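# can't give you the sequence, but here's the structure:
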């Protein structure tokens, strides 16, 4: 089993939920923001010392949910503070961005880090399309074209032109090219069956987040495997990354209390306006088909309403003492056959001291048992 340490970089100081999306930035204090960035980057660099294989970054916009509008900036900082851990950009929302620029920045990160980039090519969540004024109906085909263009940027040794449906360039020849050959490993999101099929068709690693229950996750993994095999890839457990909100403490009771407070802030404050924005986009666009859109909203509502014990039982989170967390990981691994976990310990406003202690317990007591799952 391999492990990624993931961080959302949340704003932790709100007294109440934003009334709407986009969230007003009147409460943002730059000096406090500087303190959070310093703490968060140091925490992510510490993941290397705690035995994590990857450190994961992401991209979100217009919300205190996450302060990482450009994950590549954080990846660049981490490339200079770490030496062995993989830098997993999970990732650039490439339908919203200039794909040539993404290819260039990813290539820079790969060279700067000595070949440690994991390149996420992510479609994103519905409301991000409002932020950058991109038609949500076009998201899947934009992703398909942008991914193909990025790979060509990395692998074509001579200048070339591109005349696609969404992107047109008369001549492209990026400098630098990636260090990894033929290109860095690619990961795509697969949290619903349509996305899982897409990831498999592109022979990418698949990543799932916010798992509501193991049966739904199993269906997505099965769809991914079938599509990957049809495209010439025999997927291994290393191709399957599952994301888990995680709290590790000395005892089950302590971990539950820490997680309970963090989840309350996450769902009641950070996610409040985002759920409304996502529901609006899903209702007014073809970002998902009707069935997948309804399931997405139901999943968010279910995760909000469940107790900690119910989430543990459903296989949605890891929470408890080191021994309990190893047992929970083993259960998921036996059910789903994944070879990677993406661990997020900064849930909502969980104190950084509790996150650091959880990382130390992971290093000292969880990893020795869980690495051989």
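In hand now; what should we look at? Everything numeric in this text was worked out from a predicted model, so none of it was measured.

# Please make it C-alpha for all contacts and neighbour counts, starting now.
Will do.

# among the helices and strands of this protein, which has the poorest mean pLDDT?
helix 290-305 (a mean of 59; mean pLDDT, DSSP states H and E).

# For residue 315, what are phi and psi?
When read as degrees, to the nearest 10, the backbone of residue 315 gives phi 80, psi 30.

# So residue 40 sits against residue 9, correct?
Yes: look at residue 40 against residue 9 with Cα atoms under 8 Å: they come within range, at 6.6 Å.

# Among the two, which residue is more densely surrounded?
More crowded of residue 40 and residue 9, by other Cα atoms under 10 Å: residue 9, with 24 against 19.

# isn't there a helix covering the more buried one?
No: counting by DSSP: H, G, I helix; E, B strand; the rest coil, residue 9 is not found in a helix; it is coil.

# Could I get the buried residue list for the host helix or strand of residue 226?
According to DSSP states H and E, residue 226 maps onto helix 214-230. For helix 214-230, the neighbour count (16 or more other Cα atoms under 10 Å) marks 214, 217, 220, 221, 223, 224, 225, 226, 227, 228 as buried.

# same for that helix, what does it pack against?
Packing partners of helix 214-230 (3 or more Cα pairs under 8 Å, 6 or more residues apart in numbering; DSSP states H and E): helix 193-201, helix 322-336.

# So, low pLDDT: which residues of the chain?
Low-confidence segments of the chain (pLDDT under 70): 275-304.

# What segments of it are helices?
30-49, 71-79, 99-112, 128-131, 139-155, 193-201, 214-230, 252-265, 272-284, 290-305, 308-314, 322-336, 352-361, 367-370 (DSSP state H).

# Now do the fifth one and helix 193-201, the angle between them.
Interaxial angle of helix 139-155 relative to helix 193-201 (axes from the mean of the first three to the mean of the last three Cα atoms, to 10 degrees): 20 degrees.

# what comes into contact with helix 139-155?
With Cα atoms under 8 Å, 6 or more residues apart in numbering as the test, helix 139-155 has contacts from 94-95, 99-100, 102-103, 107, 121-123, 162, 164-167, 172-174, 177-178, 182-183, 287.

# who's in contact with the nearest residue to residue 272 once chain neighbours are set aside?
Closest residue in space to residue 272, ignoring its immediate chain neighbours: residue 17 at 6.3 Å, by Cα to Cα, 6 or more residues apart in numbering. Shown in contact with residue 17 (Cα under 8 Å, 6+ apart): 268, 269, 270, 272, 273.

# what about the fourth one, neighbour count?
So the one you mean is residue 272. Counted with other Cα under 10 Å, residue 272 comes out at 20.

# if I look at it, how far off is residue 345?
Residue 272 is 20 Å from residue 345, where distance means Cα to Cα, to the nearest Å.
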